[in-house]
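**Student:** A structural model of the following input is requested.
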Amino acid sequence: MQVLETRVDTGSEAYRENFAAMRELVEELRRELRTARDERSEKARRRNAELGKRTVQQRLDLLLDPGTPWLELAPLAARGMYDGGVHGAGSRAGIGVVCGREVVVLANDPMIKGGTIYPLGVKKTLRVQTIALENRLPMITLVDSGGAFLPLQSEIFPDVDDGGRVFYNQAWLSKRNIPQLTAVMGLCTAGGAYIPAMSDHVVHVRGTGAIFLGGPPLVRAATGEVVTAEELGGADVHCRESGVSDYFAEDDADAVRLLRDIVSTLPPGRRAEFACRPPAAPLYPAEELYGIVPRRLHVSYDVREVLARLVDGSEFLEFKALYGPTLVCGWAYLHGFLVGILGNNGVLLSESSLKATQFIQLCDRQGVPLIFLQNITGYIVGREYERGGITKDGHKMVNAVATATVPKFTVMTGASFGAGNYGMCGRAYSPRFLWSWPNARIGVMGPAQAADVLVSVKNDQLAREGQPPLGPEAVEAIRGPVLAFGEQEGSAYHSSANLWDDGILDPAQTRDVLGLAIAAARNAPLEGRDQGHGTFRM
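**Tutor:** Numbering: from 1, shown residues only. Next up, the predicted model:
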């Protein structure tokens, strides 16, 4: 493969300004992550300690193999929502290593509203289950939850993507022979009681763990019976009498020890056979990405400079380098895994769309995972391009992205607007994982373009009515709110809070995160590659 030679002048003023701007964004990200991980009230900390329970971080430290990587999922879910204190949507989740085995872990945080489940907490659980299903990863759940947050019950209970879907997914995990392990470390109430009941292995902690469909207050209200949580659904009840729980644990540490013992007995899964070679570091420092990516989205840059700081040895075999140059496609190794990469170098034209279609089909047939580096304002528009077939050519690319059966991974490195989000494998196109950089922006179109469209529509209406166009003040009255709204709702933090991505990345960590994700995806054998038509030139 050809070595990508950088043309970046790290001493230039533009580079230094870009570097400073991105470093500021990364520092802000680190502060937000620390807040989500550590900000808990003293009252909640004290109550947790009085019950003899470990913090979520302490439980994770006991569970995961020392010195192994932890790929956290959606750490900023629900950021700034509800009352601003439902950090991580009330849970910690990620992919880690337990007894040498890659697993997905979901842990309720009882120091956030007693572990009660908010609507975005349900969405996060469903996302984690989807990751377990798609990647065939054993799922470990550390339950410590007071159940649904009742004031928002209508957003949690009845719909296809609400709480009941959690148990539907558990049934499918079981059907597909994906192990589910649950440790009941605190309350496990109402519908949540089905989580252990539908798991393969259930560890129950004495004194703090309690499983019941209706807790003591509900039992008293419904039947008049007065009963404690331990009498109603404690470890002794469910290990000795009901048989719901399988393993009796004295405390959190004992429960984690049992979980690790169980994981050590799981049979090995069948892995996908990705092409591999010994990994090699890129030739250029990852931190140089800070200075390469412009401060303003409308300023272009060569995506090959990003690739040179992500892939092994900075080596890249470019596909159709002279055709459709606004999209860069090619093969490289990343942490030793052969991957196909698509990166935007401008707006998507018919030629770049057709190139992408052919490249995606080749990777799919050859079993090569796909990485999309998304910095796209959309597909080209205009009379000339419509006559040239941009709609049908864009459709071919979108179709290829949707139907590719190999694992797909997406990183939003800048703009993500309009149908370009679809063509470059946005969330709706089911990438195995999707992340944003802190400078990323997402929307149907850019805020400025949206504002101009609304002004134009209003002026067209006025013209039909025989009235003069809007004056400067009226134009600003339309543009101002649209620009402010677009800036707020288009930000990476808004995306991450709503679980439109799996987290915001420090750009310098992108290579390692992608390597971990590809390794996790290997746990699922490649399926369905013998379906459909063969590759053909468009």
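
**Student:** please, where are all the strands along the stretch 51-200 of the chain?
**Tutor:** Ranges of strands in the stretch 51-200 of the chain, per DSSP state E, counting those that start in this stretch, are 71-72, 91-98, 101-108, 139-145, 180-189.

**Student:** tell me which of those lies nearest to V303.
**Tutor:** strand 71-72 (24.2 Å; Cβ to Cβ). All C-beta atoms are positioned from the backbone trio N, CA, C, and that covers glycine.

**Student:** so what's A286 closest to, chain neighbours aside?
**Tutor:** A508 (4.1 Å; Cβ to Cβ, 6 or more residues apart in numbering).

**Student:** longest helix of this protein?
**Tutor:** Selection of the longest helix in the chain by residue count, based on DSSP state H, yields helix 13-38.

**Student:** what is the neighbour count of the residue nearest to P438 when sequence neighbours are not counted?
**Tutor:** Nearest non-adjacent residue to P438, counting by Cβ to Cβ, 6+ apart: L25, 4.0 Å away. Residues contacting L25 under the criterion other Cβ atoms under 10 Å number 20.

**Student:** L25 is in contact with A440, isn't it?
**Tutor:** No - contact criterion Cβ atoms under 8 Å: L25 and A440 do not qualify, at 10.0 Å.

**Student:** how distant is the longest helix of the chain from the center of its chain?
**Tutor:** Here helix 13-38 is found 20 Å from its chain centre; the criterion is Cα atoms, centre = their mean, to the nearest Å.

**Student:** quick one, it and strand 91-98 angle?
**Tutor:** 100 degrees (axes from the mean of the first three to the mean of the last three Cα atoms, to 10 degrees).

**Student:** where does pLDDT dip in the chain?
**Tutor:** Along the chain, segments meeting pLDDT under 70 span 445, 485-486, 529-538.

**Student:** mind redoing it with 80?
**Tutor:** 191, 444-451, 482-489, 527-538 (pLDDT under 80).

**Student:** what's P285 sitting at in phi/psi?
**Tutor:** phi -60, psi 140 (degrees, to the nearest 10).

**Student:** what about the residue of the chain most remote from its centre, which SS state?
**Tutor:** In the chain, the residue that sits farthest from the middle, by Cα atoms, centre = their mean, is G466; the gap is 50.6 Å. What DSSP: H, G, I helix; E, B strand; the rest coil gives for G466 is coil.

**Student:** now it. Its backbone dihedrals?
**Tutor:** phi 80, psi 20.

**Student:** what's the answer for the one 3 residues further on, then?
**Tutor:** Taking degrees, to the nearest 10, you get phi -70, psi 170 for the backbone angles of P469.

**Student:** any idea how far it lies from V457?
**Tutor:** Relative to V457, P469 is positioned 12 Å away (Cβ to Cβ, to the nearest Å).

**Student:** go on, G324?
**Tutor:** Applying Cβ to Cβ to G324 and V457 gives a distance of 33 Å.

**Student:** neighbour-wise, which of those two wins?
**Tutor:** Neighbour count, other Cβ under 10 Å: between G324 and V457, G324 has more, with 23 against 11.

**Student:** residues touching that one, list them.
**Tutor:** By Cβ atoms under 8 Å, 6 or more residues apart in numbering, G324 lies in contact with L349, E351, S352, S353, L354, K355, A356.

**Student:** flag every buried residue along the helix or strand where D254 lies.
**Tutor:** Element membership for D254 (DSSP states H and E) is helix 252-265. For helix 252-265, the neighbour count (16 or more other Cβ atoms under 10 Å) marks D252, D254, A255, V256, R257, L258, L259, R260, I262, V263 as buried.

**Student:** quick one: that helix to strand 139-145, angle?
**Tutor:** 160 degrees.

**Student:** now do helix 252-265 against strand 180-189, angle only.
**Tutor:** Going by the same axes, to 10 degrees, helix 252-265 makes 150 degrees with strand 180-189.

**Student:** and for helix 252-265, what's in contact with it?
**Tutor:** 52-54, 58-59, 62-63, 98-99, 101, 103, 138, 140, 181, 183, 185, 201, 203-205, 247, 249.

**Student:** helices along the stretch 401-538 of the chain, start to end?
**Tutor:** 419-423, 447-464, 472-489, 492-497, 510-521 (DSSP state H, counting those that start in this stretch).

**Student:** which of those sits closest to A20?
**Tutor:** Across the helices of the stretch 401-538 of the chain, closest to A20 is helix 492-497 (Cβ to Cβ), at 18.4 Å.

**Student:** how about that closest one as CSV, C-alpha atoms only?
**Tutor:** What follows is helix 492-497, C-alpha atoms only, in CSV (Å, rounded to 0.1, in the frame of the first residue of the first chain):
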residue,chain,number,x,y,z
ALA,A,492,-22.5,17.1,19.2
TYR,A,493,-23.7,17.4,22.8
HIS,A,494,-27.4,17.5,21.7
SER,A,495,-26.8,14.4,19.6
SER,A,496,-25.1,12.5,22.4
ALA,A,497,-27.7,13.5,25.0
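
**Student:** so what touches that helix?
**Tutor:** Counting by Cβ under 8 Å, 6+ apart, 32, 74, 76-81, 120, 412, 436-442, 488, 501, 503-504 sit against helix 492-497.

**Student:** how far away from the center of its chain is it?
**Tutor:** Worked out by Cα atoms, centre = their mean, helix 492-497 lies 11 Å from the chain centre.

**Student:** what does stretch 212-227 give?
**Tutor:** That offset, for stretch 212-227, works out to 39 Å (Cα atoms, centre = their mean).

**Student:** and stretch 142-151, by the same measure?
**Tutor:** 23 Å.

**Student:** measure it end to end?
**Tutor:** The first and final residues of stretch 142-151 sit 24 Å from each other (Cα to Cα, to the nearest Å).

**Student:** report the buried residues of that stretch.
**Tutor:** L142, V143, D144, S145, G146, G147, A148, F149.

**Student:** and V475, how far from V482?
**Tutor:** 11 Å.

**Student:** about what we covered before: now for the residue nearest to A286, how many residues are close by?
**Tutor:** A508 - counted by other Cβ under 10 Å - has 17 other residues nearby.

**Student:** who are the neighbours in contact with it?
**Tutor:** Here A508 is in contact with V26, A286, E287, L289, Y290 (Cβ under 8 Å, 6+ apart).

**Student:** so which of these is the closest to A332?
**Tutor:** Of the contacts of A508, the one sitting nearest to A332 (Cβ to Cβ) turns out to be A286, at 15.1 Å.

**Student:** disregarding residues adjacent in the polypeptide, which is nearest to P279?
**Tutor:** G336 is the one closest to P279 (Cβ to Cβ, 6+ apart), at 3.8 Å.

**Student:** contact partners for that neighbour?
**Tutor:** Applying Cβ under 8 Å, 6+ apart, the residues near G336 are C276, R277, P278, P279, D312, G515.

**Student:** just checking, L370 touches G340?
**Tutor:** Yes - counting by Cβ under 8 Å, L370 does reach G340; the two are 5.0 Å apart.

**Student:** shared neighbours, those two?
**Tutor:** I360, C363.
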